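Novice: Next comes the sequence, and after it the predicted model I'd like to discuss.
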Amino acid sequence: LGSHLPDITVITPIFQEDSIIFFAASLGHHADIDSILPSSMPPQSQNLEEEGACIVAFKLVKNDQFQEQGLTDILMPPGRLHGNSGTRNLRDHMSGLRAQVAANNSCIRLLADLFEEHSFAVVDLCMTSIQENATALFQLGGWKLQSSLPPSQLLGLWND
């Protein structure tokens, strides 16, 4: 996800019992992740690999441990492409990705607070209405509010 390759999205599943109920996601721009030049998007790039590391999927946190070595292995291997030297700012990338993990963990805590304050059913209903609205807007290409709930009722659920 992202607008170009140096954008890395960290996605964290949110569980209720043994089921995934939501996902938390944070997008970070990580300049110079293993590209052919020290930049975030070399203008002469002819393919994605020249822009930087191609990360399809990687489990960033495993058993509550940040997988620094695995990430280093992805970002540092020199010589995959001619002129490629691996990332030039590994420490910055580690810090940025740790911050993204922390942001997702904050989202999980805040959602737990919402569940406690409004109940899971209300939060789920509101999230579903937001998704329905976004889908309708995309399909219509317009900005009319489309929801299974009238706006006043939707807002009322949060303001009670």
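Specialist: Thanks, I have the structure now.
Novice: Run through the chain and note the low-pLDDT ranges.
Specialist: Residue ranges of the chain with pLDDT under 70: 1-6, 39-41, 78-83, 85, 141-160.
Novice: rerun that using 50 as the cut-off
Specialist: Scanning the chain for pLDDT under 50 picks out 1-2, 154, 157-160.
Novice: Figure out how far the longest helix anywhere in the chain is from the centre of its chain.
Specialist: Ranked by residue count, the top helix of the chain under DSSP state H comes out as helix 90-118. When C-alpha coordinates are averaged (CA atoms, centre = their mean, to the nearest Å), helix 90-118 and its chain have centres 11 Å apart.
Novice: Any chance you could give me the following helix or strand past that helix in PDB, C-alpha atoms only?
Specialist: Once the chain leaves helix 90-118, the next helix or strand it forms, by DSSP states H and E, is helix 120-140. Provided in PDB are the C-alpha atoms of helix 120-140 (Å, rounded to 0.1, in the frame of the first residue of the first chain):
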ATOM      1  CA  PHE A 120     -18.600  -3.700  20.200                       C
ATOM      2  CA  ALA A 121     -22.000  -3.800  18.500                       C
ATOM      3  CA  VAL A 122     -22.200   0.000  18.200                       C
ATOM      4  CA  VAL A 123     -18.600   0.400  17.000                       C
ATOM      5  CA  ASP A 124     -19.100  -2.400  14.500                       C
ATOM      6  CA  LEU A 125     -22.300  -0.800  13.200                       C
ATOM      7  CA  CYS A 126     -20.600   2.600  12.800                       C
ATOM      8  CA  MET A 127     -17.600   1.000  11.100                       C
ATOM      9  CA  THR A 128     -19.900  -0.900   8.700                       C
ATOM     10  CA  SER A 129     -21.800   2.300   7.900                       C
ATOM     11  CA  ILE A 130     -18.500   4.100   7.100                       C
ATOM     12  CA  GLN A 131     -17.500   1.300   4.800                       C
ATOM     13  CA  GLU A 132     -20.800   1.300   3.100                       C
ATOM     14  CA  ASN A 133     -20.600   5.000   2.600                       C
ATOM     15  CA  ALA A 134     -17.100   4.800   1.200                       C
ATOM     16  CA  THR A 135     -18.200   2.100  -1.200                       C
ATOM     17  CA  ALA A 136     -21.200   4.000  -2.400                       C
ATOM     18  CA  LEU A 137     -19.100   7.200  -2.900                       C
ATOM     19  CA  PHE A 138     -16.600   5.200  -4.900                       C
ATOM     20  CA  GLN A 139     -19.200   3.500  -7.000                       C
ATOM     21  CA  LEU A 140     -21.200   6.700  -7.600                       C
END
